[in-house]
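> below is the structure, and that's it, no one-letter string:
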């Protein structure tokens, strides 16, 4: 299971998702260009000291990502998804794709996804923060595929 961030706009959200990946043992793919300068100062605020622990792969473009990405389905999180995340069936080799905070993903990227899922929201809500959405769907996907890391802190 991997997270893929399509041209992220906000370094704090990218840092949060890198930390999420590190804490849950999930690799993170970043599809550039980013909407910010990629540097430790911007990412560390949210990612803290977890950034060195994440399996991070940066791709210079969408095309480069498509050519080199890990095998498995591409699952797009989108407010326009036909399937609710809590009724979707996830596979251990899925890559969960998250769009830009400001614009989501373009139509060609949307159409490239094998599965398009949404998180149900109240009628007055437009969308969740991208890092929150990633955590919600990743949690369900890891639960379904029994891929949570071993809980060493449990009694």
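That came in fine, so what should we check first? The structure presented is a predicted model; accordingly, all values stated were derived computationally and were not measured.
> which helix or strand in this protein has the lowest average pLDDT?
Taking mean pLDDT, DSSP states H and E as the measure, the chain has helix 40-47 as its least confident helix or strand, at a mean of 58.
> hmm, who's touching the following helix or strand past that one?
Next in sequence after helix 40-47, counting helices and strands by DSSP states H and E, comes strand 56-59. The contact list for strand 56-59 (Cβ atoms under 8 Å, 6 or more residues apart in numbering) reads 18, 21, 27-32, 38, 65, 68-69. Bear in mind the C-beta positions are built from the backbone N, C-alpha and C, glycine included.
> where does the protein dip in pLDDT?
Counting by pLDDT under 70, the chain contains low-confidence ranges at 39-48, 152-155.
> show me where the protein has strands.
With strands called from DSSP state E, the chain shows them at 2-6, 27-31, 56-59, 74-77, 83-84, 95-98, 115-118.
> chain center to the third one, what's the gap?
This points to strand 56-59. Computed by Cα atoms, centre = their mean, to the nearest Å, the chain-centroid distance of strand 56-59 equals 12 Å.
> for stretch 81-88, same thing?
Distance of stretch 81-88 from its chain centroid, counting by Cα atoms, centre = their mean, is 16 Å.
> so who does the closest residue to residue 71 other than its chain neighbours touch?
Once flanking residues are discounted, residue 71 sits nearest to residue 93: 6.2 Å by Cβ to Cβ, 6 or more residues apart in numbering. Applying Cβ under 8 Å, 6+ apart to residue 93 gives the contacts 1, 70-73.
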